[in-house]
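A.B. asks: Please work out how this folds:
(2 chains)
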Amino acid sequence: MKSLWIVAIKEIQEGLRNRWVLATTLLLLALSLTLSFLGSAPTGNVGVRALDVVIVSLSSLSIFLLPLIALLISYDAIVGEVDRGTMLLLLSYPVARWQVLLGKFCGHVAILAFATILGYGATAVALAATGTPIEADSLFAFARLIGSSILLGAVFVAIGYLISAKVQDRGTAGGIAIGIWLLLVLLYDMAILGALVVDQGRTLSAGMLNLLLLLNPTDVYRMFNLAGSAGVSALSGMAGIAEVQTMPAPALLGMLAAWTLVPLAGAVLIFSRREL
Amino acid sequence: MKHTVQVDNVSKRYGQLEAVRGVSFALPPGETVALVGHNGAGKTTLMKLMLGLIHPSRGSIQILGENPAAGEFAARRRLGYLPENVSFNAGLTGRELLSFYARLKGDSPERALQLLDRVGLAAAASRRVGTYSKGMRQRLGLAQALIGEPALLLLDEPTTGLDPALRQSFYEIVQELRDRGATVILSSHALTELEERTDRVIIMNRGLMVANGSLDALRRIARLPTRIRLRLTEGRPARMPDWLDHDGAWRPINGHVVEFDASPERKMEFLRQVMQGGPALDDIEVVPPTLDELYAHFLRSQEDAR
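C.D. replies: All right, here's what the predicted structure looks like:
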């Protein structure tokens, strides 16, 4: 257990040194500040609570950005170290392979968590400082946004490891990572939309649609945040859907957790069988 | 535990390629062992097997009384490894990396940092490893292998990239470890360098162990001639005396020096003759077969036997 933390701490140390932490935090900070201050201007004073607007824009941003960042940090984690030869040395130490992998996971998720909390949290603080009234309800939704964003990051870090444990060279890993990102973030939803249009509601029931959405972690995240609280769902146009969909929040979180644990377990399994 | 390393009839197959075939040997504590062979002879595979990084296809290995691939780590804490072409995470400093490795081994980082001094890296300790030269990386590699006073050291091509002075201090460190009872396994291409520093030589070829023994034992088995060089005071005569022409095997090196090949049993007799009845001499040089020659001999005899 101790070895796991030693690996995690080294991973964070490296993240600080090669400026991943800095770059990610600044990127999230800049985008969220831009979105909230430019994005809230048009809404004026028509009774919309500003933080709810921010939540809608930030969750749309996170769906694209966090998976990409998470995959970029993680696709190289195993195959890159094997390639450079550093893994050979590390594994000659009294540390098990699952400890190496989970240690890296903790380190990478900590980096993402730090960047998300600081980047998004600063926006909430900035809104409050500029005199926007923030209600407890919105604040709770905002906390949910940050928490689920970190979880979304963890999902894609785990998927990245699975790729990294399986393939033999870094280029392939990078290609597959981009492919997975395109598939889960863009193509999947387009395909569902297309199917809905073609089908005209004949065979695709609401239940089936729910199931299809549950199978994609980014959609689970979207449902969790956009339909999760009344104020937000009214804004996001999800109110209509929210009545149809009956997924309780714990089930959605459970789904995200499963999307983290299953690829992670797969990565551990494949990595421990890998010949060096 | 009588032996630090016990390898029993071990084979390792990668698909079609059998990288190690039926190798057995046992190494007692306090022995320095040279693992010699061409690239692809199975040296690195053998080291990975001893480290437990890969599982043998057949046979068994015991390192410090433990199966290295079983997932028990008591033995690994007492084991140091320097891989061929060692590399590190370039973003961290030498000090940070060494503390990291020390913590993983359960040793105190403070004590490990003294090793930086020992390998001459103290001045560069707070520089990022990415800025290190090849020789400095190699020294850092050696320092991490020495963490925790290992009872078994596996060093794969340890002296590549080290300048002569560092080589010297490297072998001093190895000597010290051996005196403390550590078993040291060195693989190297620089055979002449290993020659005086090993108690045992293991020669590998195409995955097979072709020889295993002390340098003297291998010399006895190989029966290679000893080279004797005579520097003649008067210069080389037009015709050598008959007794000197013992096997017809003498070569002029230059005007004053001639070289003879003497078989192991004829060597002493030949020298006696030279001292008693030979021409006036300035110098005699006796060169036993080198590790290079032994290596070539054993490879040849194995290739012939195929």
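A.B. asks: from here on, contacts and neighbour counts on C-alpha atoms
C.D. replies: Noted.
A.B. asks: Name the SS class of B:Gly30, please.
C.D. replies: At B:Gly30 the chain is in coil, as set by DSSP: H, G, I helix; E, B strand; the rest coil.
A.B. asks: and it, how many neighbours?
C.D. replies: Other residues near B:Gly30 come to 20 when the count uses other Cα atoms under 10 Å in any protein chain shown.
A.B. asks: Which positions in stretch A:60-74 come out as buried?
C.D. replies: Buried residues in stretch A:60-74, defined by neighbour count with 16 or more other Cα atoms under 10 Å in any protein chain shown: A:60, A:62-74.
A.B. asks: try stretch B:135-146
C.D. replies: Under 16+ other Cα under 10 Å, the buried positions of stretch B:135-146 are B:Met136, B:Arg137, B:Gln138, B:Arg139, B:Leu140, B:Gly141, B:Leu142, B:Ala143, B:Gln144, B:Ala145, B:Leu146.
A.B. asks: CSV for the buried residues of stretch A:60-74, including secondary structure and pLDDT?
C.D. replies: Converted to CSV, the buried residues of stretch A:60-74 look like this (DSSP: H, G, I helix; E, B strand; the rest coil; pLDDT from 0 to 100):
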residue, secondary structure, pLDDT
A:Ser60, helix, 86
A:Ser62, helix, 90
A:Ile63, helix, 92
A:Phe64, helix, 91
A:Leu65, helix, 92
A:Leu66, helix, 94
A:Pro67, helix, 95
A:Leu68, helix, 95
A:Ile69, helix, 94
A:Ala70, helix, 96
A:Leu71, helix, 96
A:Leu72, helix, 94
A:Ile73, helix, 93
A:Ser74, helix, 95
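A.B. asks: okay, A:Gln245: pLDDT?
C.D. replies: Per-residue confidence at A:Gln245 stands at 54 (pLDDT).
A.B. asks: for chain A, what helix or strand is lowest in average pLDDT?
C.D. replies: When the helices and strands of chain A are compared on mean pLDDT, DSSP states H and E, helix A:239-244 comes out lowest with a mean of 49.
A.B. asks: pLDDT weak spots in the chain?
C.D. replies: Reading this off chain A. Within chain A, the set of residues satisfying pLDDT under 70 comprises A:39-49, A:228-246.
A.B. asks: should've been chain B
C.D. replies: B:1, B:237-249, B:306.
A.B. asks: the strands in it, which residues?
C.D. replies: Here chain B has its strands, by DSSP state E, at B:5-14, B:17-27, B:32-36, B:58-63, B:79-82, B:152-156, B:183-187, B:200-205, B:208-213, B:226-232, B:250-252, B:257-262, B:281-287.
A.B. asks: So which elements touch the last one?
C.D. replies: Judged by 3 or more Cα pairs under 8 Å, 6 or more residues apart in numbering or on different chains; DSSP states H and E, strand B:281-287 is in contact with strand B:226-232.
A.B. asks: Contacts made by the strand it packs on with the rest, please.
C.D. replies: Residues outside strand B:226-232 that contact it (Cα atoms under 8 Å, 6 or more residues apart in numbering or on different chains) are B:256-264, B:267, B:279-289.
A.B. asks: From A:Ser149, how far out is A:Val155?
C.D. replies: For A:Val155, the distance to A:Ser149 equals 10 Å [Cα to Cα, to the nearest Å].
A.B. asks: List the backbone torsions phi and psi for the residue nearest to A:Ala249 when sequence neighbours are not counted.
C.D. replies: In space, and not counting its chain neighbours, A:Ala249 is closest to A:Phe224: 6.3 Å by Cα to Cα, 6 or more residues apart in numbering or on different chains. Backbone torsions of A:Phe224, given as degrees, to the nearest 10, read phi -60, psi -40.
A.B. asks: Could you report the neighbour count for A:Phe224?
C.D. replies: 23.
A.B. asks: repeat for B:Leu191
C.D. replies: Using other Cα under 10 Å, B:Leu191 has 18 other residues around it.
A.B. asks: which residues touch residue 10?
C.D. replies: No chain specified, so I'll use chain A. Going by Cα under 8 Å, 6+ apart, A:Lys10 touches A:Gly107, B:Phe100.
A.B. asks: right idea, wrong chain: chain B
C.D. replies: Residues in contact with B:Val10 (Cα under 8 Å, 6+ apart) are B:Val20, B:Arg21, B:Gly22, B:Val23, B:Ser24, B:Pro56, B:Ser57, B:Arg58, B:Gly59, B:Ser60, B:Ile61.
A.B. asks: Write a PyMOL command that selects only the buried members of those residues.
C.D. replies: This is the PyMOL syntax for the buried subset of the contacts of B:Val10, where burial follows 16+ other Cα under 10 Å:
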select buried, chain B and resi 20+21+23+24+56+59+60+61
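A.B. asks: Mind putting the contacts of B:Val10 into CSV with distance to A:Val54?
C.D. replies: Output for the contacts of B:Val10, formatted as CSV (distance: Cα to Cα, whole Å):
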residue, distance to A:Val54
B:Val20, 63
B:Arg21, 66
B:Gly22, 68
B:Val23, 67
B:Ser24, 69
B:Pro56, 58
B:Ser57, 59
B:Arg58, 62
B:Gly59, 64
B:Ser60, 63
B:Ile61, 62
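A.B. asks: Deepest-packed of the strands of chain B, please.
C.D. replies: Most buried of the strands of chain B, by mean neighbour count (mean count of other Cα atoms under 10 Å in any protein chain shown): strand B:79-82, with a mean of 27.
A.B. asks: which residues touch it?
C.D. replies: By Cα under 8 Å, 6+ apart, the surrounding residues in contact with strand B:79-82 are A:89, A:92, B:141-142, B:144-147, B:150-156, B:158.
A.B. asks: Looking at those residues, spot the one nearest A:Val53.
C.D. replies: Nearest to A:Val53 out of the contacts of strand B:79-82 is A:Leu89 (Cα to Cα; 49.9 Å).
A.B. asks: Which SSE is immediately downstream of the helix or strand that contains the closest one?
C.D. replies: In this assignment (DSSP states H and E), A:Leu89 forms part of helix A:86-91. Past helix A:86-91, heading to the C-terminal end, the next element that is a helix or strand (DSSP H and E) is helix A:97-129.
A.B. asks: Please name every helix or strand in contact with the next helix or strand after that next one.
C.D. replies: Counting by DSSP H and E, the next helix or strand C-terminal to helix A:97-129 is helix A:136-166. For helix A:136-166, the packing partners by 3+ Cα pairs under 8 Å, 6+ apart come out as helix A:50-74, helix A:97-129, helix A:170-181, helix A:217-226, helix A:249-273.
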